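Enquirer: 3D model of this:
(one chain, ligands or ions: 2)
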Amino acid sequence: MATPHIELEDKSKIAKTVLMPGDPLRAKFIAETYLENVEQINGVRNMFGYTGTYKGKKISVMGSGMGMPSIGIYSYELFKFYDVETIIRIGSAGAYTDKLNLYDVVLSTAAWSESSYAKTMGVSSKKKLNATKSVNSALKRSAKKLGIEIHEGVIHSSDVFYRINGDEFKDIHEKHGCLCVEMESFALFANALATGKKAACLLTISDSLVTHELTSAKERQEAFTRMMEIALNAKVWPF
Ligand SMILES: O=P(O)(O)O[C@H]1O[C@H](CO)[C@@H](O)[C@H]1O
Ligand SMILES: O=c1cc[nH]c(=O)[nH]1
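Expert: Numbering: from 1, shown residues only. Ligands and ions are numbered 1, 2, ... in the order given. The predicted structure is shown next:
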């Protein structure tokens, strides 16, 4: 049955694992570039979603939109009403350390956040929520097999993209050990806890708060292929 935000009636048309970029056009790019036998499963609000096969394996990819309320809605509906078991966010992030360069790939062990999402939902009052270890292990094995270096650590899930005090990231990096910033994982991990499902987050560094280097909108949509390939090749159970 359809939900308010996903028009698909037949839940068997969604794979057990969904890759979830923030940008729906990144989802479209992944479907067009990597998947075979592609079928569009959502177009409501232009939040494009697709199911296809990758090397014979059924996989879905769908945009989450930007920010925790948005991924909160889509990931909850996928977990709760479409029987999705695992969501792997594939996003862009701003580096909090000069040890990370543009295009580096980061695997989140946990997301730290000032957000009230998990508390408001009634799932946890913690400020730091973990990714699912078994999914992270599958992603690490996939990266190793592809020969792609990944950086692992805690990331910052922020409610704010444009902070008035642009230097606050230095404190967050020091106090909480956050390597980089994005805007969705904390809510995704909270929803996985709320529904007993699995979630992980792979990020590509799109800009640096330290060096002020940045990538273009088109690069963020299409050029972050290494994290896409790690996620597509990960052997996440159930297949
Ligand atoms: O590239 P995506 O996946 O959208 O991720 C990052 O980019 C957006 C901000 O530009 C936020 O959604 C942030 O989390
Ligand atoms: O949330 C984000 C994503 C990319 N770059 C940032 O600075 N913040």
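Enquirer: hang on, Ile150 packs against Asn136?
Expert: No. The criterion here is C-beta atoms under 8 Å, and Ile150 misses it with Asn136 at 9.9 Å. (Each C-beta comes from the backbone N, C-alpha and C, glycine too.)
Enquirer: the more surrounded of the two?
Expert: Comparing Ile150 with Asn136 by other C-beta atoms under 10 Å, the one with more neighbours is Asn136, at 22 against 19.
Enquirer: quick check: closest non-adjacent residue to that one.
Expert: With C-beta to C-beta, 6 or more residues apart in numbering as the criterion, Asn136 has its nearest non-adjacent residue at 5.5 Å, and that residue is Ala200.
Enquirer: who does that neighbour bridge with?
Expert: Residues in a beta bridge with Ala200, per DSSP bridges, are Ile88.
Enquirer: what is the neighbour count of it?
Expert: Here the number of neighbours of Ala200 (other C-beta under 10 Å) works out to 29.
Enquirer: returning to what we had before: need the overlap of contacts for Ile150 and Asn136.
Expert: Leu107 (C-beta atoms under 8 Å, 6 or more residues apart in numbering).
Enquirer: helices along the protein, start to end?
Expert: Per DSSP state H, the chain carries helices over the ranges 24-34, 68-81, 117-121, 133-146, 168-176, 185-195, 217-222, 225-233.
Enquirer: which of these is buried the deepest?
Expert: Among the helices of the chain, helix 185-195 has the highest mean neighbour count (mean count of other C-beta atoms under 10 Å), at a mean of 26.
Enquirer: before we move on, back to that, could you tell me the least trusted of the helices of the chain?
Expert: Ranked by mean pLDDT, the helices of the chain bottom out at helix 217-222, which scores a mean of 84.
Enquirer: who touches that one?
Expert: Contacts for helix 217-222 (C-beta under 8 Å, 6+ apart): 23, 25-26, 29, 92, 206.
Enquirer: and those as TSV, adding distance to ligand 2?
Expert: Shown next, in TSV, are the contacts of helix 217-222 (distance: C-beta to the nearest ligand atom, whole Å):
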residue	distance to ligand 2
Asp23	11
Leu25	16
Arg26	13
Phe29	18
Ser92	5
Ser206	5
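Enquirer: that older thread, check contacts around the residue nearest to Asn136.
Expert: So Ala200 contacts 86-89, 107-108, 131-132, 135-136, 139 (C-beta under 8 Å, 6+ apart).
Enquirer: nearest to Met62 among these?
Expert: Ile87 (9.1 Å; C-beta to C-beta).
Enquirer: isn't the closest one up against Phe189?
Expert: No. When contacts are counted by C-beta under 8 Å, Ile87 is not listed as touching Phe189 (9.8 Å).
Enquirer: give me the common contacts of the two.
Expert: Ala199.
Enquirer: hmm, back to that, now rank the contacts of Ala200 by neighbours and give me the top one.
Expert: Result: Ser108 is most packed of the contacts of Ala200 (other C-beta under 10 Å), 33 neighbours.
Enquirer: isn't that one right up against Thr132?
Expert: No. The pair Ser108 / Thr132 is not scored as a contact, 10.7 Å apart, by C-beta under 8 Å.
Enquirer: from the contacts of helix 217-222, pick the one nearest ligand 1.
Expert: Ser92 (3.4 Å; C-beta to the nearest ligand atom).
Enquirer: Throw the contacts of Ala200 into JSON lines and include distance to ligand 1, thanks.
Expert: What follows is the contacts of Ala200, written out as JSON lines (distance: C-beta to the nearest ligand atom, whole Å):
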{"residue": "Thr86", "distance to ligand 1": "17"}
{"residue": "Ile87", "distance to ligand 1": "13"}
{"residue": "Ile88", "distance to ligand 1": "12"}
{"residue": "Arg89", "distance to ligand 1": "7"}
{"residue": "Leu107", "distance to ligand 1": "15"}
{"residue": "Ser108", "distance to ligand 1": "11"}
{"residue": "Ala131", "distance to ligand 1": "15"}
{"residue": "Thr132", "distance to ligand 1": "19"}
{"residue": "Val135", "distance to ligand 1": "17"}
{"residue": "Asn136", "distance to ligand 1": "18"}
{"residue": "Leu139", "distance to ligand 1": "16"}
